[in-house]
Structure formats: structure tokens, C-alpha cells
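[1] predicted model follows, preceded by the sequence.
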Amino acid sequence: MAIAAVKDDIDVNVKWEPYLLKESGPYAIPKEGRPILPIGAEPTFHKMAERGRQVGVDMTGNVTRVPNTRLSHILLEWAWEQNKEKQHKLKGLIFEAYYSKDVYLGDVENLVSLAGKVGYDANSARAHLLSGQGEAMVVQKSNDAKRSGVEGIPYFIVNGTPAFSGAQDPSVFKQVLQKAAQAR
């Protein structure tokens, strides 16, 4: 919404960087995923659905299983290397698949299908995901972000400068993007 509002005046390029959540502790997500609500956890997912609706994001799916997101991050890093312009669209499909279409993202074939829908070569995406390449870089980037002070997602960096953390109203994005463009 905010990018669309400024696209005629500002050249905005989006790059999604990895940030791994719940890597350890009582709510850690194993490689095979886990039920949405581990024992002792409070449900919060559907609280976000109303906020998402307010900004045009459908989060009304019946998510019952949380994937370990390493594969998604590995795919997104690979996608950036293959064709930067398509990575943002792929991330959008990943969000949509998880939050509104009940697609399990811990499955390689589901991710390959999403990559193919955006125009990436599905066989190349599959080969990359199955090779194990890229995992060390994803872990390193996530750890680097945590060491630099990033404590959660979403976290936004604009022109190399930390801008804000947490979901924001589109007007906040528009204002930050306009200010960054004026500073250049």
C-alpha cells in the first residue's frame, strides 16, 4: 500500500532478509514443524487477523502447524540471487500461502510451487533447497541481525538505517520512505 502510494515519485527496492524465530527454548520449532499451539502457549495468531484486515492483509486461514522457516529463508536468499525483482512477489506468495491458504511451508514441494508461480525455475529451486546450500548463510545473517540489536520481526531498514520494528500503518511507511528519499 505505501510503496504503491509513492511509486511514481520514489524508486523503492525491497529485499527480505532472514530472521529465524524460536530456534531454541520451550517453543522451539523443529525442522519438521510443530502444532500451532504447543503445550502452555497462548493463542495469538487470530488477534493479528483483524489488524491485518485493516491494512489489506488476509490472515484468516486455519493455520494448524508452524513450519521451521529455514527452508523459506533459504529459498528467498536463492531467489534474490536469481532475480531480485521477483523476490518480493515470492515473499508475498509465501505469506499468502501460510496465513490464508493453509499451505504448509515446511514442505519443499510447496515452496517449489510458489517459486514457480512467480517465474523462477522450479527444478532449480528444488535442487537448491534439497542441496543444503544456503542454510549456513541464512543462519549467519539471522545471527548477525540479532547481534546488531534486532529482536523480532518485522524489522525495517531503509537505506541502510534502522527505521522501525513492528507492523505499522501504511502512512508510517509512506512518511519514512519520503523522508529517506529526500535525504538522498
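    Structure received. Residues are numbered from 1 along each chain as shown.
[2] need the contact list for K146.
    Going by Cβ atoms under 8 Å, 6 or more residues apart in numbering, K146 touches Y19. Just so you know, the C-beta spots here come from the backbone N, C-alpha and C atoms, and that holds for glycine as well.
[3] do the same with V139
    V139 makes contacts with 18, 20, 70, as judged by Cβ under 8 Å, 6+ apart.
[4] so it is in which element?
    helix 135-147 (DSSP states H and E).
[5] equivalent analysis for L129, please.
    Assigned by DSSP H and E, L129 falls in helix 122-131.
[6] report the rounded mean pLDDT for stretch 28-39.
    For stretch 28-39, mean pLDDT is 70.
[7] any low-confidence regions in the protein?
    Scanning the chain for pLDDT under 70 picks out 1-2, 26-27, 34, 36-39, 41-46.
[8] so what does the helix holding L129 touch, helix or strand wise?
    Counting contacts by 3 or more Cβ pairs under 8 Å, 6 or more residues apart in numbering; DSSP states H and E, helix 122-131 packs against helix 70-82, helix 108-118.
[9] most packed of those helices?
    helix 70-82 (a mean of 21; mean count of other Cβ atoms under 10 Å).
[10] what's the angle from the top helix by length along the chain to helix 122-131?
    In the chain, with assignment by DSSP state H, the single longest helix is helix 84-99. With axes from the mean of the first three to the mean of the last three Cα atoms, to 10 degrees defining the directions, helix 84-99 sits at 70 degrees from helix 122-131.
[11] and helix 84-99, how far from the chain's centre?
    8 Å (Cα atoms, centre = their mean, to the nearest Å).
[12] show me what that helix is packed against.
    helix 70-82, helix 108-118.
[13] of the ones you listed, which is nearest S165?
    Nearest to S165, of all the helices and strands packed on helix 84-99, is helix 70-82, at 18.4 Å by Cβ to Cβ.
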